[in-house]
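A.B. asks: Below are the sequence and a predicted model; questions follow.
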Amino acid sequence: LALVERPRDLDGLSIVVSAGGTREPIDPVRFLGNRSSGRQGVAIARAAADRGACVTLVAAHLGADVRPDPRVEVIAAGTADELGQAMDAVAPDADVIVMAAAVADYSVAAVSEHKLRKQDSPGGLVLELRENRDIVAGLVSARRVGQTIVAFAAETVADDAELLERARVKAARKGVDLLAANAVGWTRGFETTGNALTIVDAAGEIVAIASGSKDDTAHAVLDAVLAVHRR
Ligand code: CTP
Ligand code: CA
């Protein structure tokens, strides 16, 4: 077992990380969800604590085997709406915000108070969805001087060039300081211990291309944060 001693280069910094997938209720027993386990965000929170930061984790739904580090303060948020409220509450005091959560783009327009019955929608069901607000866009417009905001993007792409192009476009559209993009698909990006991230800054410049365990890529994200935070 090799223990790598990390520098405490985040000492005194307050970091808020969101992680996991939101679940949007349909009725009291059903939801719309996504495949995010929260593993990368939880690894970033732990890595930041290892490096001396004061860490808050806003946790949507995490995989059963994904457990936040005990040094990290955890705020539970089930839906996109709850996650947005939690982020708005803790963001003003944060030096660094990392939005690793997989936030649902839509929620169910009319959540049923009772369990939906097939007999009410014979042959098929149409659910009306409405767009959720963009949480990180709100954090960017409220950003104070010296605050560093990181977004994530999981993209289905044909190749590295397309991933980079999508990362650049999204970083510019979101107005974030850094965007970490990874390729996903039916058989890649989920239920895996490793990850590969392309990290770009606001200008679309590549800051890092990192791969390895989710702990390795967590530290790469924090290295990139320090590089732009000090600018
Ligand atoms: N995000 C957010 N609020 C939302 C949706 C996404 O804050 N309602 C954040 C995610 O946490 C992530 C970043 O925005 O850090 C990018 O998410 P992504 O889904 O890739 O971007 P979208 O703007 O939703 O664009 P699209 O899904 O159409 O690619
Ligand atoms: Ca989205």
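C.D. replies: Perfect, I can see it now. Ligands and ions are numbered 1, 2, ... in the order given.
A.B. asks: which residues sit in contact with the residue nearest the centre of the chain?
C.D. replies: Geometric centre of the chain, nearest residue: Ala100, 1.3 Å, by CA atoms, centre = their mean. If a contact means CB atoms under 8 Å, 6 or more residues apart in numbering, then Ala100 has Val17, Ser18, Ala19, Gly38, Gln40, Gly41, Ile44, Phe152 as its contacts. Yep, even glycine has a C-beta here, placed from its N, CA and C like the rest.
A.B. asks: Ignoring the adjacent residues along the chain, who's closest to the fifth one?
C.D. replies: Nearest residue to Gln40 in three dimensions, chain neighbours excluded: Lys214, at 5.1 Å (CB to CB, 6 or more residues apart in numbering).
A.B. asks: Surely the one you found and Gly41 touch.
C.D. replies: No. The pair Lys214 and Gly41 does not pass the contact test of CB atoms under 8 Å, sitting 9.3 Å apart.
A.B. asks: sorry, back to before: how close does the residue nearest to Gln40 get to Cys54?
C.D. replies: The span separating Lys214 from Cys54 equals 22 Å under the rule CB to CB, to the nearest Å.
A.B. asks: between these two, which one's more packed in?
C.D. replies: Per other CB atoms under 10 Å, whichever of Lys214 and Cys54 has more neighbours is Lys214, with 22 against 19.
A.B. asks: Now that one: phi and psi?
C.D. replies: Note on Lys214: its backbone torsions stand at phi -70, psi -20 [degrees, to the nearest 10].
A.B. asks: Now intersect the contacts of Ala100 with the strands, please.
C.D. replies: Judged by DSSP state E, the contacts of Ala100 include Val17, Ser18, Ala19, Phe152 as members of strands.
A.B. asks: Given the helix or strand harbouring Asn182, what are its sheet partners and their directions?
C.D. replies: Using DSSP states H and E, the element containing Asn182 is strand 178-183. When pairs are called by DSSP bridges, strand 178-183 turns out to pair with strand 148-155 (parallel), strand 194-201 (antiparallel).
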